[in-house]
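Novice: A structural model of the following input is requested.
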Amino acid sequence: MSIKKRHTVGRIILGLLLLILMGLAGFGAWFSSHYRQILKKQIPVWIAKATDSVYKVSIKDIRINIVNRRVTVTGIELQPDSDRIALLKSQHREPSVVFSASIPQIRMWGVSWEAIATEKELNCKILHIYSPNIRITSAPKSVDSLQQNQTDTLSIDEQNKKKSSISGVHIGRITVSDQSVDYMHVDTAGKYHCYLVGGSINMLDWEFVPKQAKDGDRFLYSKQTTINIDSIAYVKDGSLYTIRAKQMHFVSDSNLLSARDFAIHCKVSHDEFYRSKGFQTDLLNFNVARAELRNFRWRALMDSSLLAVDTIAFYSPVLDDYFSRLVPPSNQSKKGKFPIQLLTRLKQKVAIDYVRIRDGHVKYTEVNAQSHMAGVITFDGMNGGLSNLTNVPELISRNNRCVMRLSGSLWKRSPISATFTFSLSDPAASFSVDGQVQDIDASQINPPAKALALTEIPSVHIGKTVLHIDGDETHAQATVTMPYNDLKVVPQEVGEDKQLNKKHITSFLANTLLIFPDNPMQGKPIRTESSYVPRDLHKSFFNLIWKSLFNSIQKTAIRSDNMERKLEEKEAHPGQKKKGLFSRIFGKKDKKKDKK
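Specialist: Now for the predicted structure:
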């Protein structure tokens with residue numbers, strides 16, 4: 001073939017290739033434009049059919065790149081159809097959870113056009129959702145709705161599956177970035193919001209097939225899900241408290257859930273809190289630097305509403321308990337409100353093998369009604385944990401004891417440890433406490449003693465104190481062995497200027513006649529004292545613990561047997577008028593005998 005002919009053939013082939021490329025480009029442009037209009041029209045239809053027409057969706061724009069198999073959707077608005085929901089409610093079929101969403105942009109890569117055309121499946125490699133703003137409203141169904149025949153519900157579900165125009169959705173990876181979720185729950189008890197702001201969600205091998213049973217090994221239809229939330233807040237209408245956390249992290253295949261800066265905080269000041277309450281109660285604030293739920297069995301929570309966790313670990317938890325006696329005492333009965341009793345009545349079923357505490361801190365502050373002074377007791381560096389925390393009857397039948405062991409320091413200096421054993425099966429909430437504390441000095445005791453007991457303690461050293469308590473919701477019996485030496489007390493009173501003034505004569509008599517300066521006294525055995533305290537039904541579990549210990553400690557330090565009896569009578573009859581010091585020590589004088 002001559003050179004001229006070869007050039008001619010080359011030009012013809014090149015021209016044909018250009019025509020083919022131009023045809024493909026034109027077809028691609030036509031297809032993208034045509035299919036974009038089809039998708040804009042069909043997506044709302046698919047959403048309506050898939051949701052029984054409960055939701056409406058609008059789309060601002062769709063851009064399709066057929067060659068790169070890429071789709072970009074912008075301006076997505078998903079809203080519930082109020083008219084349709086009203087109709088479903090009249091048929092006792094209204095949804096208990098309703099969604100709405102505003103999504104600026106969704107991008108898909110690796111879209112399979114063949115699967116959409118032939119199998120009515122949406123298949124793609126990657127789907128990315130940008131900055132979705134999601135609102136979820138949850139409300140219980142009406143009584144009429146709950147009475148609907150279950151077979152009717154099943155038949156409706158089958159009808160919906162048949163109406164679905166998509167046989168399945170398969171996505172290799174779904175990523176969500178910078179999400180914002182407002183979950184609102186409304187029922188007869190009130191309304192609360194849960195806000196989840198910021199972070200990301202990554203789901204691998206996501207699959208949804210309407211006509212197949214749900215795969216229990218998938219979390220939100222994904223084989224493996226990782227969730228990171230920047231901040232979480234729980235707010236209940238009318239509540240004085242909020243719950244917040246940061247940097248929540250969850251991985252479904254490792255069953256790990258963690259969060260930082262978890263906090264339960266009072267929203268108002270101390271004065272506002274007690275004005276709102278109107279009676280004496282504890283104002284609590286709780287913070288945890290880091291919390292972890294290890295082997296969090298989310299399948300059990302989804303399938304049977306069971307919160308099952310192998311270990312919950314709290315790192316550097318801080319509990320701040322503030323109690324003011326400047327307001328009237330509570331007249332509300334606390335019977336049946338011991339911690340274990342509240343657990344057994346909890347609607348949420350719980351099965352937690354162990355709660356671990358590392359470097360915990362507890363601060364108790366009480367304001368005295370007479371002195372208006374605050375006494376503070378602190379426990380620091382607390383380590384230990386709580387085992388077998390459950391309210392599941394089957395688990396309780398195998399092990400009916402919940403045990404808490406803690407150790408640390410009192411006022412940062414004195415070693416302290418305690419073991420609490422609670423019965424999970426006893427309706428009366430029986431319990432026992434074994435503990436010890438040692439090396440307490442006057443400098444530690446004196447500030448709270450002055451504020452709360454109006455008594456200065458200029459000197460004392462307390463050695464290794466051992467205690468045991470048995471009790472239930474009706475009483476407590478405490479036994480205490482407390483060795484000490486060089487005890488001196490200075491009773492005080494609040495003057496007209498609201499300052500504490502020493503009662504010198506009373507101080508002399510108390511140190512000379514009333515108290516033992518040492519335990520044991522020279523040449524005597526060490527004293528161990530016990531006390532029985534009936535429970536004040538208006539007071540808490542920890543108040544009962546403290547009262548039983550305090551009475552045994554008083555009996556250890558006070559010389560007069562008559563005074564010990566008066567202390568026991570005071571507990572049994574708290575409203576009786578107080579007697580003078582000498583009467584309390586030596587008993588009431590028999591006036592008839594004097595007249596004779």
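Novice: the helices in the stretch 451-596 of the chain, which residues?
Specialist: According to DSSP state H, counting those that start in this stretch, the stretch 451-596 of the chain carries its helices in the segments 504-509, 541-557, 561-572, 581-586, 591-595.
Novice: so how far is Thr74 from the closest residue to Arg69 other than its chain neighbours?
Specialist: Leaving aside its chain neighbours, Arg69 sits nearest to Val111 (4.7 Å; criterion: Cβ to Cβ, 6 or more residues apart in numbering). All C-beta atoms are positioned from the backbone trio N, CA, C, and that covers glycine. Val111 sits 16 Å away from Thr74, going by Cβ to Cβ, to the nearest Å.
Novice: quick one, which of these two is more surrounded?
Specialist: Val111 (21 against 15; other Cβ atoms under 10 Å).
Novice: In contact with that one, which residues are there?
Specialist: Arg69, Arg70, Val71, Leu122, Asn123, Cys124 (Cβ atoms under 8 Å, 6 or more residues apart in numbering).
Novice: Name all residues that make contact with the nearest residue to Ser305 once chain neighbours are set aside.
Specialist: The shortest distance from Ser305 to any non-neighbouring residue, by Cβ to Cβ, 6+ apart, is to Lys349 (6.3 Å). Contacts for Lys349 (Cβ under 8 Å, 6+ apart) come out as Ser304, Ser305, Leu306, Leu307, Asn391, Val392.
Novice: which of those residues has the most neighbours?
Specialist: The most crowded member of those, judged by other Cβ under 10 Å, is Asn391 (20 neighbours).
Novice: wouldn't it be in contact with Val350 here?
Specialist: Yes: counting by Cβ atoms under 8 Å, Asn391 touches Val350, with 5.5 Å between them.
Novice: which neighbours do these two share?
Specialist: Common neighbours of Asn391 and Val350 (Cβ under 8 Å, 6+ apart) are Leu343.
Novice: on that earlier part again, which one of the contacts of Val111 is nearest to Thr455?
Specialist: Distance to Thr455 across the contacts of Val111 (Cβ to Cβ) is lowest for Cys124, with 76.3 Å.
Novice: can I assume the closest one sits in a strand?
Specialist: Yes: with DSSP: H, G, I helix; E, B strand; the rest coil as the criterion, Cys124 is assigned to a strand.
Novice: and it, what are its bridge partners?
Specialist: Beta-bridge partners recorded for Cys124 (DSSP bridges): Ile171.
Novice: repeat for the one 4 residues further on
Specialist: Going by DSSP bridges, His128 is paired in beta bridges with Arg107, Thr175.
Novice: before we move on, what about Leu78?
Specialist: Where Leu78 sits in a bridge, its partners, by DSSP bridges, are Val57, Ala101.
Novice: Just the pLDDT for it.
Specialist: In this model, Leu78 is scored at 87, pLDDT.
Novice: Any figure for the gap between Ile526 and Gln348?
Specialist: 48 Å.
Novice: Neighbour count for these two, which is higher?
Specialist: Comparing Ile526 with Gln348 by neighbour count (other Cβ under 10 Å), the higher total belongs to Ile526, at 13 against 10.
Novice: check contacts around the more buried one.
Specialist: Residues in contact with Ile526 (Cβ under 8 Å, 6+ apart) are Thr481, Pro483, Asn519, Pro520.
Novice: which regions of the stretch 1-150 of the chain sit below the pLDDT cut-off?
Specialist: Counting by pLDDT under 70, the stretch 1-150 of the chain shows low-confidence ranges at 1-43, 45-51, 115-120, 141-150.
Novice: Using the three-state scheme, assign the residue nearest to Arg69.
Specialist: coil.
Novice: Tell me the spacing between it and Ser58.
Specialist: From Val111 to Ser58 the distance is 21 Å (Cβ to Cβ).
Novice: on that earlier part again, now the residue nearest to Arg69. Its backbone dihedrals?
Specialist: As for Val111, its main-chain torsions (degrees, to the nearest 10) stand at phi -70, psi 130.
Novice: Over to Gln348?
Specialist: phi -70, psi 120.
Novice: What does the pLDDT read for it?
Specialist: pLDDT, read off for Gln348, is 91.
Novice: Show the contacting residues for it.
Specialist: Ser305, Leu307.
Novice: can we see that at 10 Å?
Specialist: Applying Cβ atoms under 10 Å, 6 or more residues apart in numbering to Gln348 gives the contacts Leu301, Ser305, Leu306, Leu307, Asn391.
Novice: Tell me who's in contact with the second one.
Specialist: Ser305 sits next to Lys347, Gln348, Lys349 when contact means Cβ under 10 Å, 6+ apart.
Novice: How about the third one?
Specialist: When contacts are counted by Cβ under 10 Å, 6+ apart, Leu306 touches Arg297, Arg299, Ala300, Gln348, Lys349, Val350, Ala351, Thr390, Val392.
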